[in-house]
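> Following is a predicted model, sequence given first.
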Amino acid sequence: MRHRVIAILTAAFLLSSISISQAQGVNIPVSFGSTPTCLGQMYSDILWPSGYIPYGDYDVNAPSAFANTGQGTLGLTIFFEVRPYGYQSVYDSSAYGSGGSQAMEGVAYTAMNRSVSNNIDTSNYPGDPWLVLATKDMSPSIWTVNKQGTGGLRSSFNSKLISILNGAPQTQDCNGLMYSWAMAIATTNTNSATWSSLGVPQPANGSNPFHGELFFNTDGSTPSVSKSREYALQELGLANAPKYPSGASSWYFWTMTDATGYTGGPAPLM
């Protein structure tokens with residue numbers, strides 16, 4: 001009998017063993033049945049190929065654990081920010097070259113660049129754990145965020161995630177979500193084998209389609225920075241992305257030429 005993996009997602013408080021502070025995250029309880037679901041596809045397309053858990057291992061804690069990593073949080077943010085119209089397969093590289101993939105990469109690199117810059121956000125984000133906080137701080141329309149950058153998915157996005165993971169595999173929504181998670185893993189890993197194993201088309205020349213992006217929006221408005229730093233804003237370009245469920249939208253990206261890193265000097269922007 002084939003087993004169905006069912007997701008019931010709720011907002012959950014994850015208590016730190018070393019602090020009384022609470023960080024709200026994504027909780028994915030798992031049960032099993034006979035009908036395939038999108039959550040089952042999460043195991044076969046993301047958790048196993050990425051090496052997060054061994055092939056064939058249905059660790060019931062893995063979906064929640066992965067969703068709360070930097071890569072998991074980034075993938076959810078890519079998906080709900082850019083909302084790719086839906087690739088026929090997570091392994092379908094023909095979609096690359098479209099503005100959708102480029103916009104997804106731009107959003108991913110924006111989060112990573114913000115996590116290595118100490119003068120873009122009010123909080124410091126050194127290292128991988130802080131990619132979660134930098135990503136949530138970057139996208140307050142998707143995540144509830146407090147002063148420390150922690151927070152969970154807003155209710156409408158949480159409900160959508162519940163629906164997708166409990167739904168059928170290989171749908172446009174499910175494939176788009178898997179593609180977004182694969183994109184997050186690939187863009188945070190410079191090993192080309194990672195791109196290949198997840199079926200994500202690697203950017204031309206293995207590089208970011210833009211460079212140094214720290215802000216993005218879809219209306220072309222100038223990012224809000226202090227007047228004394230307006231001189232440092234530099235527009236990088238735009239990508240035209242599919243808009244869910246139809247049409248297209250333009251994604252604009254900016255950098256700051258005065259961004260600094262944690263060890264002093266210019267930030268190591270990607």
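Arrived safely, thanks for sending.
> all contacts plus neighbour counts: C-alpha atoms, from now on.
Noted.
> Tell me where the protein has strands.
Under the criterion DSSP state E, strands of the chain are mapped to 4-7, 10-15, 22-27, 30-33, 215-217, 233-242, 248-256.
> Out of the ones you listed, name the one with the poorest average pLDDT.
Here the strands of the chain differ in mean pLDDT, and the lowest is strand 10-15 at a mean of 28.
> Does A108 touch A186 like I think?
No: A108 is beyond contact range of A186, at 9.9 Å (criterion: C-alpha atoms under 8 Å).
> Low-confidence stretches in this protein?
Applying pLDDT under 70 to the chain flags the ranges 1-24, 84-100, 121-129, 146-150, 190-207, 243-246.
> Setting aside sequence neighbours, what's the nearest residue to T218?
In this structure, T218 finds its nearest non-sequential neighbour in W251, 4.7 Å apart by C-alpha to C-alpha, 6 or more residues apart in numbering.
> residues touching that neighbour, list them.
103, 216-220, 238-241 (C-alpha atoms under 8 Å, 6 or more residues apart in numbering).
> For it, give the beta-bridge partners.
A239 (DSSP bridges).
> can you tell me how far it sits from S141?
Separation of W251 from S141 (C-alpha to C-alpha, to the nearest Å): 16 Å.
> likewise G264?
Applying C-alpha to C-alpha, the value for G264 to S141 is 31 Å.
> With neighbour numbers in mind, choose between these two.
Between G264 and S141, counted using other C-alpha atoms under 10 Å, the more crowded position is S141 (14 against 8).
> Which residue, neighbours along the chain excluded, lies closest to that one?
R154 (7.7 Å).
> swap in L269?
G212 (4.9 Å).
> What is the burial count for that neighbour?
G212: 24 neighbours (other C-alpha under 10 Å).
> Mind checking which of the contacts of W251 are buried?
Buried subset of these (neighbour count, 16 or more other C-alpha atoms under 10 Å): 103, 216-217, 238-241.
> is it possible to export those residues to JSON lines including distance to N113?
JSON lines is the format used below for those (distance: C-alpha to C-alpha, whole Å):
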{"residue": "A103", "distance to N113": "15"}
{"residue": "F216", "distance to N113": "12"}
{"residue": "N217", "distance to N113": "16"}
{"residue": "L238", "distance to N113": "17"}
{"residue": "A239", "distance to N113": "18"}
{"residue": "N240", "distance to N113": "21"}
{"residue": "A241", "distance to N113": "21"}
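> With respect to D57, which of those is nearest?
Nearest to D57, judged by C-alpha to C-alpha, of the buried ones among the contacts of W251 is A103 at 33.1 Å.
> That closest one against P242, yeah?
No: with contact defined as C-alpha under 8 Å, A103 does not reach P242; the gap is 9.5 Å.
> List the residues that contact T255.
Counting by C-alpha under 8 Å, 6+ apart, T255 has contacts 212-215, 233-236.
> now for those, which pair is the farthest apart?
It's G212 and L233 that sit farthest apart of these, by C-alpha to C-alpha, at 11.3 Å.
> check contacts around the residue lying closest to N27 once chain neighbours are set aside.
Sequence neighbours aside, S64 is the residue nearest to N27 in space, at 5.1 Å (criterion: C-alpha to C-alpha, 6+ apart). By C-alpha under 8 Å, 6+ apart, the residues touching S64 are 26-29.
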